[in-house]
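Enquirer: Please find the sequence and the predicted model below.
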Amino acid sequence: MDDAGDLGTVSSPPKHNDQPVFALTILILNQSRLPSLVSDFLQIKRNYYPRLIAPASDFLEAVLCEIKGADLRREIALGARNQARDAARFLSEVMDLCTRSGVRVVSKVFVKAIGQQNRQTAAYTSACQSLFKSFDLYLTSVDDIGVCISDARTKALNVRVAHSIFTQMFSAKQVNFPRIMELPTFGA
């Protein structure tokens with residue numbers, strides 16, 4: 001699970017760097033397909049962004065370099081012809097890999113109102129709860145169990161997310177997310 005954009009205010013009138021939407025997305029993948037997905041993804045990164053990875057490094061070292069969506073968008077929109085083409089091909093290969101690997105994608109998208117403050121913690125935690133509900137419904141449909149690994153933010157923000165899921169999982173009124181085995185785990 002990872003986010004794109006932010007929950008900050010969109011100025012009135014909007015400024016150049018205001019982000020009009022916030023999205024939280026969960027990728028759902030059967031664990032048996034994870035090893036080949038990781039290996040193939042690291043090879044795609046090495047093919048398109050070799051300058052980010054030391055040539056003599058261990059193959060798995062490629063996981064340490066992050067390719068940001070904002071950088072890809074900038075390369076496609078403003079980059080030289082070869083740079084734009086490579087960024088588009090990189091994205092295409094990643095999407096093909098996700099399709100071959102049976103990845104399912106579920107997102108919660110907030111379109112922000114101009115000039116209005118957002119209740120950032122409430123919006124983020126409710127988006128997480130919504131994605132957990134979708135994930136649990138998917139697990140029910142395939143008669144399986146699962147765990148969620150979320151991109152880490154700060155400890156304080158991670159605690160709020162985990163607590164919001166905890167209160168849903170162990171509600172006295174009803175059991176929620178019975179097929180999700182643990183609170184979200186946060187990774188870098």
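Expert: Perfect, thanks for sending it.

Enquirer: C-alpha from now on. contacts and neighbour counts both.
Expert: Fine.

Enquirer: Go through the lengthiest helix in the chain and flag the buried ones.
Expert: Identified as the longest helix of the chain according to DSSP state H is helix 120-141. The neighbour-count check on helix 120-141 (16 or more other Cα atoms under 10 Å) flags 124-139 as buried.

Enquirer: Quick check: mean pLDDT of it?
Expert: Here helix 120-141 scores 94 as its mean pLDDT.

Enquirer: just stretch 59-67 next, same as before
Expert: 86.

Enquirer: Output it as CSV - backbone C-alpha positions only.
Expert: Output in CSV follows, covering the C-alpha atoms of stretch 59-67 (Å, rounded to 0.1, in the frame of the first residue of the first chain):
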residue,chain,number,x,y,z
PHE,A,59,21.4,-8.0,-8.2
LEU,A,60,19.2,-7.4,-5.2
GLU,A,61,20.8,-4.0,-4.5
ALA,A,62,18.6,-2.6,-7.2
VAL,A,63,15.7,-2.6,-4.7
LEU,A,64,17.4,0.2,-2.8
CYS,A,65,17.0,2.8,-5.6
GLU,A,66,13.5,4.3,-5.8
ILE,A,67,12.1,5.5,-9.0
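
Enquirer: what distance separates stretch 54-68 from the centre of its chain?
Expert: Centroid displacement of stretch 54-68 relative to its chain, using Cα atoms, centre = their mean, to the nearest Å, is 19 Å.

Enquirer: Same question for that stretch: list its buried residues.
Expert: Applying 16+ other Cα under 10 Å to stretch 54-68 flags Ala62 as buried.

Enquirer: coming back round to it: got the contact list for the helix or strand following the longest helix of the chain?
Expert: Sequence order places strand 149-151 as the next helix or strand after helix 120-141, per DSSP states H and E. By Cα atoms under 8 Å, 6 or more residues apart in numbering, the residues outside strand 149-151 that reach it are 1-2, 184-188.

Enquirer: Give me the distance between the longest helix of the chain and the centre of its chain.
Expert: In terms of Cα atoms, centre = their mean, the centre of helix 120-141 is found 13 Å from the chain centre.
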